[in-house]
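Undergrad: Return atomic coordinates for the entry below.
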Amino acid sequence: MDKKLLDILACPVCKGPLVYHDEKSELICKVDRLGYPIRDDIPVMLVDEARELPADEEV
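TA: Numbering: from 1, shown residues only. Got it, this is the predicted structure:
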């Protein structure tokens, strides 16, 4: 994930910062506990496509 792109992307729900998770190829919002997928090197920033993180999953 390009650092410059990561710096300008924000969670569409809370407008907070995102953290890149390389192993799962997704961007994580720690506040909303959502994981946005990255497909073909393109972040899919749609709430309907986001994965809700379980309470026991480390973020």
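
Undergrad: What distance do you get for S25 to A55?
TA: Distance, S25 to A55, using CB to CB, to the nearest Å: 22 Å. C-beta coordinates here come from the backbone N, C-alpha and C atoms, glycine included.

Undergrad: what's next to stretch 37-46, contact-wise?
TA: 1, 5, 9, 12, 25-27, 36, 49-51 (CB atoms under 8 Å, 6 or more residues apart in numbering).

Undergrad: Identify, from those, the entry nearest to V19.
TA: Nearest to V19 among those is L27, at 7.0 Å by CB to CB.

Undergrad: Assign a three-state SS to the closest one, would you?
TA: strand (DSSP: H, G, I helix; E, B strand; the rest coil).

Undergrad: Which residues belonging to stretch 27-44 are considered buried?
TA: By 16 or more other CB atoms under 10 Å, the buried positions in stretch 27-44 come out as 27-29, 32, 34-38, 43.

Undergrad: Switch those over to CSV; also include pLDDT and distance to G16.
TA: CSV is the format used below for the buried residues of stretch 27-44 (pLDDT from 0 to 100; distance: CB to CB, whole Å):
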residue, pLDDT, distance to G16
L27, 96, 11
I28, 96, 11
C29, 97, 6
D32, 95, 8
L34, 97, 10
G35, 97, 14
Y36, 97, 12
P37, 97, 18
I38, 95, 18
P43, 94, 15
